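Undergrad: Fold the following and give me the result.
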Amino acid sequence: MQLNLNDPKSIVAWYHVHPAVHGAQLETFARMWPQFRRALTAARDVIEEEQSHDQEAAAAAEAVLN
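TA: Just a heads-up that it's a prediction; the model follows:
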């Protein structure tokens, strides 16, 4: 896999390969390479939105089951 630090979609796809490791690396990359901070921040926003959506879907499924 190639990671393009200028492309939020590429960053999100890379994150999904190994979220436990890549999540921390995203924060490090943003500190190390400010020229990529805009794309890294946009990718982080997408990831957080996905996680929020996943949590809402899980809560809705739990409510239906109970």
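Undergrad: and the helix ranked longest in the chain, what's its mean pLDDT?
TA: Looking across the chain with DSSP state H, the single longest helix is helix 37-65. In this model, helix 37-65 has a mean pLDDT of 84.
Undergrad: buried ones in it?
TA: Under the neighbour-count criterion of 16 or more other CB atoms under 10 Å, helix 37-65 has 39, 40, 43, 44, 47 buried. Just so you know, the C-beta spots here come from the backbone N, C-alpha and C atoms, and that holds for glycine as well.
Undergrad: can you pull the contacts of the fourth one?
TA: Residue 44 sits next to residue 26 when contact means CB atoms under 8 Å, 6 or more residues apart in numbering.
Undergrad: any idea how far it lies from residue 66?
TA: 33 Å (CB to CB, to the nearest Å).
Undergrad: How about the first one?
TA: The spacing between residue 39 and residue 66, counted by CB to CB, is 41 Å.
Undergrad: Show the contacting residues for residue 9.
TA: residue 43.
Undergrad: quick one on the thing from earlier: next one: the longest helix of the chain to chain centre, how far?
TA: Centroid displacement of helix 37-65 relative to its chain, using CA atoms, centre = their mean, to the nearest Å, is 9 Å.
Undergrad: likewise stretch 8-20?
TA: With CA atoms, centre = their mean, you get 6 Å for stretch 8-20.
Undergrad: could you give the mean pLDDT of it?
TA: On average, stretch 8-20 scores 95.
Undergrad: List the buried residues of it.
TA: 8, 10, 11, 12, 14, 15.
Undergrad: OK, contacts around the fourth one?
TA: Okay, so that is residue 12. 43, 46, 47.
Undergrad: ok, of those residues, which one's closest to residue 26?
TA: When the contacts of residue 12 are ranked by distance to residue 26 (CB to CB), residue 43 comes first, at 6.9 Å.
Undergrad: Now do residue 32 against residue 40, distance only.
TA: Distance of residue 32 to residue 40, given as CB to CB: 10 Å.
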